[in-house]
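Engineer: sequence plus predicted model, see below.
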Amino acid sequence: MTARTCPLCERLRRADVRHWGAAWAVVTVASSWLVGSWVSLEPADPPPAAEVRRTMDVLRAAAEGSGAPVAPAADGTTLHGPVRVVLWHDGMPVFRREFDATTMADLVARASKEIDDARSAGRFARVDMSRARLHLSFVVAEGPVLAWPPLAAAASFVTTLDGAALRVGDATVRLWPDDLLRRRLYSAFLPLPGGVMKAGLDVPRAVEALWAMAGHPDERRGVLRRFRTAEFVERPGGDPEPLVAGRVIEPPPGSVSDLRSAALEGVRWLDAAQRKDGPDAGRFDYDYDPISNGPFDAGYSLPRHGGAAWFLAFAHRKTGDAVAREAAGKALEYLAASAMRSCGQAPGECVGRERVVELGSAALAAVAMAEYERATGEGRFVEPLRRLIEFIEWMQEPSGDFVHLYDVEAHERLPDRLPYYTGEAALALVLAYRVTGERALLDRAHAALDHLTKRAWSFFGSAYFYGEEHWTCIAAHEAFPEIRDDAYLEFCEGFARFLREMQTAEGEPPFGWEGSYVVTPFLAPRTTAVAGRTEATVATYKLGLAMGRPNLVVLEQVRRSLTFLVRMRYGPEPSPLFARPGRAAGGMPGGLDDPVVRIDHVQHAGLALLGGADVLGDYVIEPP
């Protein structure tokens, strides 16, 4: 049938944009409703904390062989799904069972008998019970997933909150949330633009693991499901702590002293991670994976080394902390002795031994050296700072922007662009001016800030879109009052306003934490994103205050994000999954889905916490 003889085709061809838009809207809404109805979960309430504690008391008595205390008073409390009981010791499960108990009394009777049997069989002979911790996981909701296509399946699981189950006949095997975290299956499937981050559960790998657990390698006829849990870890002598993503969430801050204390815990973590002697003295252990109790990434980042040194110097200037000063000095000595060099025909010195060197490495080394000299006035890093600034000046273009990469052997400035580097270079120029007093540095910084806040954003739609501009706003604040431009404050307040659209409120689904920045429900909150953006909002508020235009909305935004950072940091006993909890304490993980502590995670969080303590002052910090 041709188009001329197809009345429906003719009508479709004549339909205007409004009709097509309306049809698309109907299809989208209907599809969203169907998908939401299919995969939504409505979790039941977990057992009361008091009953969980009494249950744990009984199970601990069984594990220690110290007799059976009185069973929970409300032994008829109904359980809404299976319960997993784990006894962790130095990050390893020495006892693990799943129980399809219907009541708490049933759970206590069955679990205590199995634990007592394991103890009697000598399973706990080498377990130091003072370090062992019981962990109870209650299934409070379960439902289907969109098993096809794979992208839909991956996005059906809420990262760090949902476990994966496979129903095979009458049996069900489960990967609990901490299992998925330990296997690094969260945030591992959906590639995001740039390839730097991923989202979604890696369903193909999860299903392979579930089939292996089910013991049916050939007959693969099962139903994939997701489930939500309520998790608790034992605290001897106290109420059990809720667990999220396998870890204890710290309480929110009650005062600005809590913010400073959290930042100084980061100082201690960096100091412990710093090598004190040998050829690499001053270098940091780049990261630490508390689950494997070792490094996660064998690489090293000189820009992040410079950033960590900057935080340490900043912490000393703000608090007078001697440990911060000593660690900052050692980190800068490492840069001056082992990383700085003559860069061929380029003037001054750059940072890095590779053929192609990065502007960011030189810029953050300069920022750290200038901050150290501001804090101490020692003078020992003034000359290395001047040599770095000479190279940075040479990398600046007439527009005020900077070249980001330089090929030393070919004496060629490369066109590639990297995030953050222009803002870091602008900040380096400003802070170097604070140390040397050379006015020409301010002129160059002024040109860089004009480029960042004006020329670089002069395109259609620029009022509704921002990149990561925390370095820009930090530099704009540090340049005041010598460089004063209302456009800088307007730009940074626009950036803060843009971020507020993504900031979460307490209890907001799916994660329920105040102060994080979440682009979509498919991405778990990231601490570095919150910390870096908080550095920007702190600088924005400070700049507005200095210009006589304090913005209390931005101040509240700062308070909320600092609440998130304090709760996210690792406390003294952060997780039963960690082999050496004390080594993680004081560190900052990458996010709910990333337990690894990295030097820049600590850097950005520490700078945000100390800057926030500055601006909050007597501002009331109320726990949510």
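Structural biologist: On my side now, so go ahead.

Engineer: only C-alpha atoms for contact and neighbour calcs from this point on.
Structural biologist: OK.

Engineer: just name the shakiest helix or strand of this protein by mean pLDDT.
Structural biologist: helix 7-14 (a mean of 48; mean pLDDT, DSSP states H and E).

Engineer: tell me the SS of residue 350?
Structural biologist: Under DSSP: H, G, I helix; E, B strand; the rest coil, residue 350 falls in the strand class.

Engineer: quick check: it vs residue 342, distance?
Structural biologist: To residue 342, residue 350 is 6 Å away according to Cα to Cα, to the nearest Å.

Engineer: do residue 362 as well
Structural biologist: Residue 362 is 12 Å from residue 342, by Cα to Cα.

Engineer: those two - which one has more neighbours?
Structural biologist: residue 362 (30 against 17; other Cα atoms under 10 Å).

Engineer: show the backbone phi and psi for that one.
Structural biologist: Per-residue torsions, residue 362: phi -70, psi -40 (degrees, to the nearest 10).

Engineer: that one touches residue 350, doesn't it?
Structural biologist: Yes - between residue 362 and residue 350 there is a contact under Cα atoms under 8 Å: 5.5 Å.

Engineer: joint contacts of those two?
Structural biologist: residue 388 (Cα atoms under 8 Å, 6 or more residues apart in numbering).

Engineer: so where's the chain shaky on pLDDT?
Structural biologist: Within the chain, the segments meeting pLDDT under 70 span 1-39, 67-75, 190-197, 216-220, 456-467, 618-624.

Engineer: returning to what we had before: can you list residues touching both of residue 362 and residue 342?
Structural biologist: Joint contacts of residue 362 and residue 342 (Cα under 8 Å, 6+ apart) are residue 350.

Engineer: residue 552: neighbour count?
Structural biologist: The local packing of residue 552 (other Cα under 10 Å) involves 12 other residues.

Engineer: do you know how far it is from residue 537?
Structural biologist: Counting by Cα to Cα, the gap from residue 552 to residue 537 is 11 Å.

Engineer: now do residue 524
Structural biologist: Taking Cα to Cα, one finds residue 524 at 21 Å from residue 537.

Engineer: which of these two has more neighbours?
Structural biologist: The neighbour count for residue 524 versus residue 537, taken as other Cα under 10 Å, is higher for residue 537 (30 against 25).

Engineer: tell me which residues in the helix or strand where the more buried one lies are buried?
Structural biologist: In this structure, residue 537 is located in helix 527-546 according to DSSP states H and E. Buried residues in helix 527-546, counted by 16 or more other Cα atoms under 10 Å: 527-544.

Engineer: cool, stretch 570-589 as well?
Structural biologist: Quick answer for stretch 570-589 (16+ other Cα under 10 Å): 570-571, 573-589.

Engineer: okay, and which of these map to strands?
Structural biologist: Judged by DSSP state E, the buried residues of stretch 570-589 include residue 589 as members of strands.

Engineer: of the buried residues of stretch 570-589, which belong to helices?
Structural biologist: Among those, DSSP state H puts 581, 582, 583, 584 in helices.

Engineer: make a markdown table out of those residues and add distance to residue 172.
Structural biologist: Shown next, in a markdown table, are these (distance: Cα to Cα, whole Å):
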| residue | distance to residue 172 |
| --- | --- |
| 581 | 33 |
| 582 | 36 |
| 583 | 37 |
| 584 | 35 |
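
Engineer: for those, which one is nearest residue 301?
Structural biologist: Closest approach to residue 301 among those (Cα to Cα): residue 584, at 20.5 Å.

Engineer: and residue 418, its phi and psi?
Structural biologist: According to degrees, to the nearest 10, residue 418 has phi -130, psi 150.

Engineer: got the contact list for it?
Structural biologist: residue 404.

Engineer: from here on, call the first residue 25.
Structural biologist: Okay, residue one is now 25; in that scheme the one you just asked about reads as residue 442.

Engineer: quick one: it and residue 110, what's the gap?
Structural biologist: 46 Å.

Engineer: equivalent analysis for residue 582, please.
Structural biologist: Distance from residue 582 to residue 110, by Cα to Cα: 39 Å.

Engineer: who's more crowded, these two?
Structural biologist: residue 582 (29 against 21).

Engineer: can you tell me the element that one falls in?
Structural biologist: Assigned by DSSP H and E, residue 582 belongs to helix 576-592.

Engineer: got the angle between that helix and helix 551-570?
Structural biologist: Using axes from the mean of the first three to the mean of the last three Cα atoms, to 10 degrees, the inter-axis angle of helix 576-592 relative to helix 551-570 is 150 degrees.

Engineer: for residue 187, helix, strand, or coil?
Structural biologist: strand.

Engineer: from residue 195, how far off is it?
Structural biologist: Taken as Cα to Cα, the span from residue 187 to residue 195 is 16 Å.

Engineer: so for those two, which sits in the more crowded spot?
Structural biologist: residue 187 (25 against 9).

Engineer: number of nearby residues for the closest residue to residue 298 other than its chain neighbours?
Structural biologist: The shortest distance from residue 298 to any non-neighbouring residue, by Cα to Cα, 6 or more residues apart in numbering, is to residue 308 (4.3 Å). By other Cα under 10 Å, the residues close to residue 308 number 23.

Engineer: my guess is residue 308 contacts residue 297, does it?
Structural biologist: Yes - at 5.5 Å, residue 308 counts as touching residue 297 under the criterion of Cα under 8 Å.

Engineer: so which residues of the stretch 175-324 of the chain form strands?
Structural biologist: Assigned by DSSP state E, counting those that start in this stretch, the stretch 175-324 of the chain shows strands spanning 186-192, 195-199, 214-215, 222-223, 247-257, 265-268, 271-272, 311-312.

Engineer: understood, closing this out.
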